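> next comes the sequence, and after it the predicted model I'd like to discuss.
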Amino acid sequence: MRPTWLGRPIDARASFEAEGRALVDTLRGLAPSDWGRAAAGEWTVHDVAAHVLGDYYGRLGHGYRGGFADGESLEGFIHRTNQEWVELHAEDSPAALIGDLEREGGRLARQFAVADLDAAALGVSWAGIDPAPAWLDIAREFTEYWTHRQQIRHATGLGTDPEPRALGTVLDTFMRALPHTLRHTPAPTGTQVQVIAEGPAGGSWTVTATAERWSLAEAPGDRPAAVVRLDAETLWRLCTRAVDPADALARAHVRGEHRLAEAACRVLSIVY
């Protein structure tokens, strides 16, 4: 399954083992009082750790299960069942959570390590594709675990993990939302918008208007209609709405059509 408009495939399979270890090491380094700190909306550090464990179980095939409520949207279903899982595990001790995360995270890393990247997999709503190729589904899953670990780090006084390879994979995955982000932005065929992330984990992504859709498959040209240049920290936080699009646009170095730059800064790479 190769939807070429999503750009070249990403292979994040080998990244899960190190990410799982990093999460466990972070949690083991917390003080007891850190577990009650606010980390993501109304969720505490404990809640975020429990949520990640629920994701592990779900991907391994034995997680929390429930059907859609009448008239419930996909987003509503996801948010409701995530909250129900967190509440179900509210009394788990930190030691129990850490042990379960270490065990199940290792199992999941081994499962992903042998996955077929070209197989059809779970949809990725923020990229506008269902089913998605497994490479995107797996990379999306990696970004979720990485993002939750950063939320825990920030809640406990640590900055974003500066390790560039993981952040580079996260940004590359998040930018696969660009064609879907621009789907309602009209432009002549061949128009290109370039987003550049600065820093050791940075990169460049060019999305092109084609007759069918915006696409990441076309070769970058010399004269994009708009260029948006952001530091990597702002870009990943924009994609997860830790930074508002208007604030990101104000921080960006923009060249070319402001209308297209503003549209690109609405990029969203989570279920929100």
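Arrived safely.
> skipping adjacent residues, who's closest to G123 in space?
Distance criterion C-beta to C-beta, 6 or more residues apart in numbering; nearest residue to G123, sequence neighbours excluded, is D130 at 2.7 Å. For glycine as for every other residue, the C-beta is placed from the backbone atoms N, C-alpha and C.
> residue boundaries of the strands in this protein?
38-40, 43-44, 120-121, 132-133, 192-198, 203-209, 214-215, 226-231, 253-256 (DSSP state E).
> quick one: average confidence on the first one?
Predicted confidence along strand 38-40 averages 97 (mean pLDDT).
> what residues of that strand count as buried?
Within strand 38-40, the residues that count as buried by 16 or more other C-beta atoms under 10 Å are A39, A40.
> so what touches it?
With C-beta atoms under 8 Å, 6 or more residues apart in numbering as the test, strand 38-40 has contacts from T44, V45, D47, V48, H148, Q151, I152, H154, A155.
> let me know whether the first one touches L30 as I believe.
No: contact between T44 and L30 fails when scored by C-beta atoms under 8 Å: they sit 11.4 Å apart.
> export the lengthiest helix in the chain as PDB, just CAs?
The single longest helix within the chain, with elements called by DSSP state H, is helix 134-155. The C-alpha trace of helix 134-155 is given here as PDB (Å, rounded to 0.1, in the frame of the first residue of the first chain):
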ATOM      1  CA  ALA A 134       1.600   0.500   8.300                       C
ATOM      2  CA  TRP A 135       4.700   2.700   8.100                       C
ATOM      3  CA  LEU A 136       2.600   5.800   8.900                       C
ATOM      4  CA  ASP A 137       0.500   4.100  11.600                       C
ATOM      5  CA  ILE A 138       3.700   2.800  13.300                       C
ATOM      6  CA  ALA A 139       5.400   6.200  13.000                       C
ATOM      7  CA  ARG A 140       2.300   7.900  14.300                       C
ATOM      8  CA  GLU A 141       2.300   5.600  17.300                       C
ATOM      9  CA  PHE A 142       6.000   6.500  18.000                       C
ATOM     10  CA  THR A 143       5.200  10.200  18.000                       C
ATOM     11  CA  GLU A 144       2.500   9.600  20.600                       C
ATOM     12  CA  TYR A 145       4.800   7.900  23.000                       C
ATOM     13  CA  TRP A 146       7.500  10.500  22.500                       C
ATOM     14  CA  THR A 147       5.100  13.400  23.000                       C
ATOM     15  CA  HIS A 148       3.700  11.900  26.200                       C
ATOM     16  CA  ARG A 149       7.200  11.500  27.500                       C
ATOM     17  CA  GLN A 150       7.900  15.200  26.800                       C
ATOM     18  CA  GLN A 151       4.700  16.100  28.700                       C
ATOM     19  CA  ILE A 152       6.000  14.200  31.700                       C
ATOM     20  CA  ARG A 153       9.400  15.900  31.400                       C
ATOM     21  CA  HIS A 154       7.900  19.400  31.100                       C
ATOM     22  CA  ALA A 155       5.600  18.700  34.000                       C
END
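> about what we covered before: distance check, the residue nearest to G123 against Q83.
Using C-beta to C-beta, to the nearest Å, D130 is found at 23 Å from Q83.
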